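>>> just to be clear, the model below is a prediction. Sequence and coordinates:
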Amino acid sequence: MSKLVVTSIGPASSVQDGGRPGSQRYGLTPSGAMDRLSLAAANTLVGNEPFAAVVEIGPFGATFTARGGAVRIGLAGASRNADIGGRPVAFDSSATLADGEALNLGFARGGSFSYLAIEHGIEGEPMFGSLAVNARAGLGSPYPRPLQSGDELKTKAASGATERRIELPAATEAPIRIVFGPQDDEFTAENKKLFLDSEWKISATSDRMGYRLEGAVIKHRDGHNIVSDGTVNGSIQVPGNGQPIVLMPDRGTSGGYPKIATVITADLGRFAQTSAGRPFRFKAVTMAEAQAEAIKFHALLHSLHDRLRGVDDFGLNIEALRDANVAGQAVSAIDVSTWQVALP
Amino acid sequence: MAEPLSPPRLLPSGDSAITVEFSRTIDDAANRRVLALDRVIAAEPIAGITETVPTYRSLLVHYDPVQITFDALGEQLLARAAKAPPTESGTRRWRIPITYGGEHGIDLEDVAKALQTTPDDIVARHAAGDYRVAMIGFTPGWSYLSGLDKSLHLPRRKDPRLLTPAGTISIGGIQTGVQCLAGPSGWHLLGRTPVRTYQLHRDPTFLLEPGDAVSFTAVDAKTFAEQDRAAEAGEFVAELVTP
């Protein structure tokens, strides 16, 4: 039996998968990965089902050690300085830790969450069909809480398969797309325009339940109380102080504030990866556009296998060179302030 | 012959869910229509619907846009809403024990002051109520009950508490509720029940269903402690009056 032992880990890191939809009528939120494309990419790299359980790692660094045999991993999502026993590892690729070797991950760069998939998956007892951690409901396996140092993730020994990388669509800084509703009629046209015209930042107090936005104050037409109704992943509710909150996978299944708009499915993962403090904007699209994008996103999630390449097939790719860490700790050779400091 | 019911409003909740809204206020008649539509969809499924979530006044319908569009699903939902009979048959009634006041209901005295009466009077009015599970939401098993006596209507607290105990029974606005897990709440805490409306590894995991009837029985703190142990061991503790 191989296992990956958590030797150090920051807050907001937990086992997540495709989540547990199906019991929202009883108040049980689905949870699951914040960025489903990265979840599926990490799993695809090691031959797992796209929505198998992985470790979702928050913005801070983490270290894992293989015990009891070799462990093969796939890394995707927010890239970081990464090495296995000093040997650099690129994001969006797989790698194997020999028994006793450590995987060292630095702070997240250009995103918030990284995904560490383990070949053959993580052993656990599914609850409502999922290992996803929902600490409030006491759900999640092998631990019903965020990961801590000393935790063990059991798996089967590495297969010895050839390492892979995965080519994902280029990252974009485009506005986060929304469709208005269900309660956009609780806001005047002027306030809906303000919502679209404003530059927003995600507050540092955000978590897996919701991202609090800082920016303009969005006023309600007649007060901020509505009779509670259902929420979805991406619901943008506006509480009394006029500062919107975007509901994320650990959201309450119902809420009593008007919801001005909803982030479209295709942009949920990209939105979840927006770092605290980085400015962004929203853009309204029609339902037809949103649904066409949802269909394209679904096709992408289910065709990731076609995007696998041999790990040596890099060519001259600046991103790949940077991730391969040929420049040491530097992100930019010119701007010293971008250099990442290795964690103690 | 009764007047035809007005059709619900279809509100987009992103590209993968529709809110079917019957009312904007808390209204048992609208809630009955919500639950009736929910039953009709269960009996005559529509391809592409992944999950439904009934609330006081609306039915949230999650769907897969790969299988069905907003417009096509909306049409089918309106057709089913038009024929859904707003009747309930075989309603279950639960009797749920509560210990009122003291450490179990730290707001009881303040509620009595705010409503210019005595704690005993608040307990008597709350325990006499005939309630209905209008919806379950927010966190697992959190049951919102309609039917609160008008004399107990009270705005929510200005400063919500970040942590209230598991099993709390509270009032807020025109509602009362049974909270299963510890968590934040802006309601006024009147008491606690040993009943777990959600308990992992128990069959059924969720005790109450939207549409169930509920009444409360006041018990003393000693009974609470005994029943709490029994509930922890997996007993329902709640009494099913009418199957």
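Done, it's in.
>>> low-confidence stretches in chain B?
Low-confidence segments of chain B, defined by pLDDT under 70, span residues B:1-4, B:86-90, B:243.
>>> please, where are all the helices along it?
Secondary structure of chain B by DSSP state H: the helices cover B:28-43, B:70-83, B:108-114, B:119-127, B:221-232.
>>> of all those, which one comes closest to A:Asp312?
For the helices of chain B, the distance to A:Asp312 is smallest for helix B:70-83, at 45.9 Å, taking Cβ to Cβ. Every C-beta, even on glycine, is put in place using the N, C-alpha and C of the backbone.
>>> now do the closest one: distance to the chain's middle.
Here the centre of helix B:70-83 is set off from its chain's centre by 25 Å, with Cα atoms, centre = their mean, to the nearest Å.
>>> and the angle for that helix with helix B:28-43?
Between the axes of helix B:70-83 and helix B:28-43, defined by axes from the mean of the first three to the mean of the last three Cα atoms, to 10 degrees, the angle is 110 degrees.
>>> which residues are contacting the top strand by length along chain B?
Ranked by number of residues, the top strand in chain B under DSSP state E is strand B:93-100. With Cβ atoms under 8 Å, 6 or more residues apart in numbering or on different chains as the test, strand B:93-100 has contacts from B:105, B:108, B:119, B:123, B:126-127, B:169, B:178, B:190-195, B:207-208, B:212-221, B:223-224, B:227, B:237-242.
>>> just the pLDDT for A:Thr162.
In this model, A:Thr162 is scored at 95, pLDDT.
>>> that older thread, neighbouring strands for the longest strand of chain B, and are they parallel or not?
Looking at strand B:93-100 with DSSP bridges, its paired strands and their directions are strand B:188-192 (antiparallel), strand B:213-218 (parallel), strand B:239-242 (antiparallel).
>>> now could you export just the CA positions of it as PDB?
Listed next in PDB are the C-alpha coordinates belonging to strand B:93-100 (Å, rounded to 0.1, in the frame of the first residue of the first chain):
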ATOM      1  CA  ARG B  93     -47.100  14.600  11.400                       C
ATOM      2  CA  TRP B  94     -44.100  14.700  13.600                       C
ATOM      3  CA  ARG B  95     -44.100  15.600  17.400                       C
ATOM      4  CA  ILE B  96     -40.800  17.100  18.300                       C
ATOM      5  CA  PRO B  97     -39.600  17.600  21.900                       C
ATOM      6  CA  ILE B  98     -38.100  21.000  22.900                       C
ATOM      7  CA  THR B  99     -36.500  22.200  26.100                       C
ATOM      8  CA  TYR B 100     -37.400  25.900  26.300                       C
END
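>>> look up how far B:Val178 lies from the residue positioned nearest the centre of chain B.
Residue closest to the average C-alpha location in chain B (Cα atoms, centre = their mean): B:Tyr144, at 2.7 Å. Noted for B:Tyr144: a distance of 9 Å to B:Val178, by Cβ to Cβ, to the nearest Å.
>>> repeat for A:Val15
When Cβ to Cβ is the yardstick, A:Val15 and B:Val178 sit 30 Å from each other.
>>> show me the contacts for the residue lying farthest from the centre of chain A.
Note on chain A: the largest separation between a C-alpha and the mean C-alpha position, by Cα atoms, centre = their mean, falls on A:Asp222 (35.6 Å). Listed by Cβ under 8 Å, 6+ apart, the contact set of A:Asp222 reads A:Glu186.
>>> got it, and B:Arg33?
When contacts are counted by Cβ under 8 Å, 6+ apart, B:Arg33 is found next to B:5, B:8, B:22, B:81, B:84, B:86.
>>> 10 Å - rerun?
The contact partners of B:Arg33, by Cβ atoms under 10 Å, 6 or more residues apart in numbering or on different chains, come to B:5, B:8, B:20, B:22-23, B:27, B:57-59, B:81, B:84-86.
>>> out of the residues you listed, who has the most neighbours?
Within these, B:Ser58 tops the neighbour count with 31 neighbours, counted by other Cβ atoms under 10 Å in any protein chain shown.
>>> do I have it right that that residue meets B:Met135?
Yes - using Cβ atoms under 10 Å, B:Ser58 is in contact with B:Met135, at 9.4 Å.
>>> shared neighbours of the two, anything?
A:227-230, A:254, B:31, B:34.
>>> and for B:Tyr144 and B:Val178, which residues touch both?
Between them, B:Tyr144 and B:Val178 have B:131, B:133, B:136 as joint contacts when contacts are counted by Cβ under 10 Å, 6+ apart.
>>> doesn't B:Pro54 make contact with the last one?
Yes - contact criterion Cβ under 10 Å: B:Ile136 and B:Pro54 qualify, at 8.4 Å.
>>> more neighbours: those two, which one.
B:Ile136 (32 against 27).
>>> show me what that one is bridged to.
When bridges are assigned using DSSP bridges, the partners listed for B:Ile136 are B:Ser143.
>>> so who does it touch?
With contact set as Cβ under 10 Å, 6+ apart, B:Ile136 has these partners: A:23-28, A:253-254, B:53-55, B:142-144, B:177-178, B:180, B:197-198, B:206, B:208-210, B:212.
>>> could you redo the last one with a cut-off of 6 Å?
B:Ile136 makes contacts with A:26-27, B:143, as judged by Cβ atoms under 6 Å, 6 or more residues apart in numbering or on different chains.
>>> now swap in A:Arg20 and tell me
Contact criterion Cβ under 6 Å, 6+ apart gives A:30, A:128-130 as the residues in contact with A:Arg20.
>>> how does it look with 7 Å?
Neighbouring residues of A:Arg20 by Cβ atoms under 7 Å, 6 or more residues apart in numbering or on different chains: A:30-31, A:128-130, A:132.
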